[in-house]
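Participant: sequence and computational prediction follow.
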Number of protein chains: 2
Amino acid sequence: MREFKRLIPYREALEMLLNDLNEIEDTEEVPLDGALGRVLAEDIVSPIDSPPFDRAAVDGYALRAEDTFQAREYNPVEIKVIDEIVAGEESKAKVEPGTAVKLMTGSKMPEGANAVLMQEMAEREGDVIRVLRPVAPGQNVAFAGEDVRKGEVILQKGQILRPQDLALLKSIGLKTVRVKRKPLVGIIVTGDELLEEFDEEALKAGKILDSNSVMLKGLVRQYFGEPRFYGVIPDDAERIGEAIRKAREECDLVLVTGGSAFGEKDFAHRFVNLLFHGTTIKPGRPIGYGERTFVMSGYPAAVFTQFHLYVKHALAKLVGARNYEVRVRAELVESVPSQLGRYEFVKVRYENGKAKPIRKKGSGIISSLVESNGYMAIPEDSEGYLEGEVVEVVLY
Amino acid sequence: MREFKRLIPYREALEMLLNDLNEIEDTEEVPLDGALGRVLAEDIVSPIDSPPFDRAAVDGYALRAEDTFQAREYNPVEIKVIDEIVAGEESKAKVEPGTAVKLMTGSKMPEGANAVLMQEMAEREGDVIRVLRPVAPGQNVAFAGEDVRKGEVILQKGQILRPQDLALLKSIGLKTVRVKRKPLVGIIVTGDELLEEFDEEALKAGKILDSNSVMLKGLVRQYFGEPRFYGVIPDDAERIGEAIRKAREECDLVLVTGGSAFGEKDFAHRFVNLLFHGTTIKPGRPIGYGERTFVMSGYPAAVFTQFHLYVKHALAKLVGARNYEVRVRAELVESVPSQLGRYEFVKVRYENGKAKPIRKKGSGIISSLVESNGYMAIPEDSEGYLEGEVVEVVLY
């Protein structure tokens, strides 16, 4: 059997891949309501100050702080209430020395006032309040532009939109937002041994159920993409070649599982001009990439690894996404040895600051993916980590 | 102004809430392909061993380990290859002493064989291989049930389905999966001061744009729910009462923003028999809950806090979701003081094991939500945490 002459270091291959791909230029204008999880296509500059005016930060009395400087409990200052407004109203009154306007949290500050006395701090009788303690200038006032300033970049291109981001966009007056088109990702699953549907006899005879397609569709959706499935294709060079050609024409990225090694029936990589083939990652070594096409392993755990180490970053590059990974620090609860020269993808269960390696080995083992909620990487120059060491875990 | 006679401790209120709500019993059968992010409605027991048979873990030769025990490089053992199969095929040959079957990773082990010699380790000439080193019994064999055992619970009720979970379900022969119906969540936004659409004049006169609705819709979607929006309703007791009545009839849970305090125009809480009203959380103290209805603040940052501290857990209870929060440990990079008696929700930016508190204060400040990616809670009996302390952060 041919083998890989040289395994390309993980990061070197990743760099080749990212250099080869161009960010998608197409964008879409979507209503804020449909923008959750989408990737922002441009910096957002606020067209307004928010709040657009100085406003009261509590329910109470807008007044001139100077008028209260002499106020003591034993010597209250009396101030006349000249207007009262409720939320969303604006007082036209001008606060002159010795006067106040009653207002509510969020109300626009009336002219002349520079502080708000909390309602609970005032003793009221008719249209007069007695102030028992001084109020500082600016106290209980939320100033114009305090949340967002006009001209400020409030969200950056590449932001994956969360509920609070949508709220901010709405608060500056937007109804829609420009996001990146979702990359269309073709998925081709190959292998004579694969069944699309449960068939007990066939399983007994050595076939296995294809689980890569449903997993890859889910992963593509998780990472900004729109999957398009081209079916399970037997190990037939012509049919595989045709599917790859079609998918590459229709999609931004193509994922082919099976046929990435050098077995007699490994056809897929023959139809792609590969930029690289065979990297130091473990599991998943026989990955190949070229012409917007990944030639991946057939084994689910290897495919999962290849997705997280390469395909995920390719998708992020296509849409220009920022902060798409959650990286946490964790104390390792068991030692993990690693082979020098391999970039090991170690599945872990992260909980409460601790990472427990999931031991089940084998590229076909899906249950280890299910038990884990993240991975740690052990680079080529490390022989592993010891129990108690602090490692970086990427959650998934 | 009336005030809260007593603030209910955060956890006490949370417990009252969770005791009051019942898990939704309705479930739906959905195709695996549409089940990403849905909540599993029942334990899944595997009907099969997976793999269903012992199989080769590498490409190579299935043989009897005993036949190789005498093999040395200077004294190779010769073994006859009696059959060759490719992926998905089954060999009918029986491996007798001195014979082997060539097979591929994943192939079913032929009768009589108990180990696989890696292809690279054999020297082949015609139908004879020379074995240079002994192979141990069981070596390079993936045993039946190694991934999943028949009768084993492979996924538990309440699991939020991820791509790898769908792969596991597919690998045991499922095409569909039973998930919880999404809870329908009514959203009612109240307040005379609120605008649904940008209007410069109105904004200058003291109105503000409603950003709660788009934020709550997003949060509800993030946490297993289906939002239904009942509009922005002015401070009119009758209309608010009517909207609450309608939403409660149609939905599993109702969120009303605005009107949770005791201002003259705070109507919402009058239409709900509240189990509790006013808790120790900060911001967001005036939250009320009763009869499947939350009466929430009007200020976005308070609403966001109330959602994460209460509503999120209510939604998880409705669907029986497990592991819906990502909790990480972080070193605090700045001291955070806190008021005794208050359960403080402190927004933080988590990065690389460190948590930076986001300082901008004020319930109306949305930009602090946007800058943060998680929160830490400071319970009622703590005066805060010091720089360098390790705290727990919940990511969002």
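Facilitator: Right, received. Where do you want to start?
Participant: switch to C-alpha atoms for all contacts and neighbour counts from now on
Facilitator: Fine.
Participant: send over stretch A:325-336 as PDB, restricted to the C-alpha atoms.
Facilitator: C-alpha atoms of stretch A:325-336 as PDB (Å, rounded to 0.1, in the frame of the first residue of the first chain):
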ATOM      1  CA  GLU A 325     -14.900  29.100  19.200                       C
ATOM      2  CA  VAL A 326     -15.300  28.900  22.900                       C
ATOM      3  CA  ARG A 327     -11.900  28.200  24.400                       C
ATOM      4  CA  VAL A 328     -11.600  27.600  28.200                       C
ATOM      5  CA  ARG A 329      -8.900  26.600  30.600                       C
ATOM      6  CA  ALA A 330      -9.200  23.400  32.400                       C
ATOM      7  CA  GLU A 331      -7.300  21.200  34.900                       C
ATOM      8  CA  LEU A 332      -6.600  17.800  33.400                       C
ATOM      9  CA  VAL A 333      -7.900  15.000  35.700                       C
ATOM     10  CA  GLU A 334      -5.900  12.200  34.100                       C
ATOM     11  CA  SER A 335      -2.600  12.200  32.200                       C
ATOM     12  CA  VAL A 336      -2.800  12.000  28.500                       C
END
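Participant: quick one: it near chain B?
Facilitator: Yes: residues of stretch A:325-336 are located near chain B by CA under 8 Å from any CA of the partner chain, namely A:327-329.
Participant: tell me the buried residues in the helix or strand hosting residue A:11?
Facilitator: Using DSSP states H and E, residue A:11 maps to helix A:10-20. Going by neighbour count (16 or more other CA atoms under 10 Å in any protein chain shown), the buried part of helix A:10-20 is A:10-11, A:13-14, A:17-18.
Participant: would you format the residues of stretch A:325-336 next to chain B as JSON lines with secondary structure and distance to residue B:192 included?
Facilitator: Shown next, in JSON lines, are the residues of stretch A:325-336 next to chain B (DSSP: H, G, I helix; E, B strand; the rest coil; distance: CA to CA, whole Å):
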{"residue": "A:327", "secondary structure": "strand", "distance to residue B:192": "43"}
{"residue": "A:328", "secondary structure": "strand", "distance to residue B:192": "44"}
{"residue": "A:329", "secondary structure": "strand", "distance to residue B:192": "47"}
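Participant: what about those residues, which one has the most neighbours?
Facilitator: residue A:328 (24 neighbours; other CA atoms under 10 Å in any protein chain shown).
Participant: isn't that one right next to residue A:393, touching?
Facilitator: Yes: contact criterion CA atoms under 8 Å: residue A:328 and residue A:393 qualify, at 5.3 Å.
Participant: and the stretch 201-350 of chain A, which residues reach chain B?
Facilitator: A:203-212, A:214-219, A:300, A:327-329.
Participant: returning to what we had before: who are the packing partners of the helix holding residue A:11?
Facilitator: Applying 3 or more CA pairs under 8 Å, 6 or more residues apart in numbering or on different chains; DSSP states H and E, we find helix A:10-20 packed against helix A:312-319.
Participant: just want the angle from the helix it packs on to helix A:10-20.
Facilitator: Per axes from the mean of the first three to the mean of the last three CA atoms, to 10 degrees, the angle that helix A:312-319 makes with helix A:10-20 is 20 degrees.
Participant: and the average pLDDT for helix A:312-319 is what?
Facilitator: For helix A:312-319, mean pLDDT is 98.
Participant: kindly export that helix (C-alpha atoms) in CSV.
Facilitator: Extracted in CSV, the C-alpha atoms of helix A:312-319 (Å, rounded to 0.1, in the frame of the first residue of the first chain):
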residue,chain,number,x,y,z
LYS,A,312,-14.9,24.7,10.7
HIS,A,313,-12.1,27.2,10.1
ALA,A,314,-12.7,27.1,6.4
LEU,A,315,-16.4,28.0,6.9
ALA,A,316,-15.4,30.8,9.3
LYS,A,317,-13.1,32.2,6.7
LEU,A,318,-15.8,32.0,4.0
VAL,A,319,-18.1,34.2,6.1
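Participant: and the contacts of it?
Facilitator: A:17-18, A:21-24, A:39, A:158, A:180-183, A:220, A:223-225, A:322, A:324 (CA atoms under 8 Å, 6 or more residues apart in numbering or on different chains).
Participant: again, 7 Å this time
Facilitator: A:18, A:21-24, A:39, A:180, A:223 (CA atoms under 7 Å, 6 or more residues apart in numbering or on different chains).
Participant: for residue A:178, which non-adjacent residue is closest in space?
Facilitator: residue A:29 (4.3 Å; CA to CA, 6 or more residues apart in numbering or on different chains).
Participant: gap between stretch A:224-238 and the chain center?
Facilitator: In terms of CA atoms, centre = their mean, to the nearest Å, the centre of stretch A:224-238 is found 27 Å from the chain centre.
Participant: next SSE downstream of the lengthiest helix in chain A?
Facilitator: Assignment by DSSP state H gives helix A:237-250 as the longest helix of chain A. The C-terminal neighbour of helix A:237-250 among helices and strands, as given by DSSP H and E, is strand A:253-257.
Participant: tell me what angle that following strand forms with helix A:237-250.
Facilitator: Using the same axes, to 10 degrees: strand A:253-257 against helix A:237-250 is 160 degrees.
Participant: mind listing the strands strand A:253-257 pairs with, and their directions?
Facilitator: strand A:184-190 (parallel), strand A:293-296 (parallel) (DSSP bridges).
Participant: pLDDT (mean, whole number) over the last one?
Facilitator: If I follow you right, that is strand A:293-296. Rounded mean pLDDT across strand A:293-296 is 96.
Participant: which element follows it toward the C-terminus?
Facilitator: helix A:300-306.
Participant: kindly format the C-alpha coordinates of that next one as PDB.
Facilitator: The C-alpha coordinates for helix A:300-306 follow below in PDB (Å, rounded to 0.1, in the frame of the first residue of the first chain):
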ATOM      1  CA  PRO A 300     -17.200   9.200  12.000                       C
ATOM      2  CA  ALA A 301     -14.700  10.100  14.800                       C
ATOM      3  CA  ALA A 302     -12.100  10.900  12.200                       C
ATOM      4  CA  VAL A 303     -14.600  13.000  10.200                       C
ATOM      5  CA  PHE A 304     -15.600  14.900  13.400                       C
ATOM      6  CA  THR A 305     -12.000  15.700  14.100                       C
ATOM      7  CA  GLN A 306     -11.300  16.800  10.600                       C
END
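Participant: what average pLDDT does that helix get?
Facilitator: Computed over helix A:300-306, the average pLDDT equals 95.
Participant: ok, and what's touching it?
Facilitator: A:212, A:283-284, A:296-297, A:345, A:363-366, A:369.
Participant: tell me how far it lies from the chain's centre.
Facilitator: That offset, for helix A:300-306, works out to 21 Å (CA atoms, centre = their mean).
Participant: same deal with stretch A:323-335?
Facilitator: Going by CA atoms, centre = their mean, where stretch A:323-335 is centred and where its chain is centred differ by 17 Å.
Participant: show me where the stretch 51-200 of chain A has its helices.
Facilitator: A:163-171, A:200-204 (DSSP state H, counting those that start in this stretch).
Participant: near chain B, anything from the longest one?
Facilitator: Yes: counting by CA under 7 Å from any CA of the partner chain, chain B is contacted by helix A:163-171 at A:163-168, A:170-171.
Participant: among those, who's most crowded?
Facilitator: Busiest of the residues of helix A:163-171 next to chain B [other CA under 10 Å] is residue A:166, holding 30 neighbours.
Participant: might one say that the residue nearest to residue A:178 is in contact with residue A:180?
Facilitator: No: applying CA atoms under 7 Å as the test, residue A:29 and residue A:180 come out as separate, 8.7 Å apart.
Participant: so who does the spatially most central residue of chain A touch?
Facilitator: Central residue of chain A (CA atoms, centre = their mean): residue A:324, 4.0 Å from the mean position. Applying CA under 7 Å, 6+ apart, one finds that residue A:324 lies in contact with no residue.
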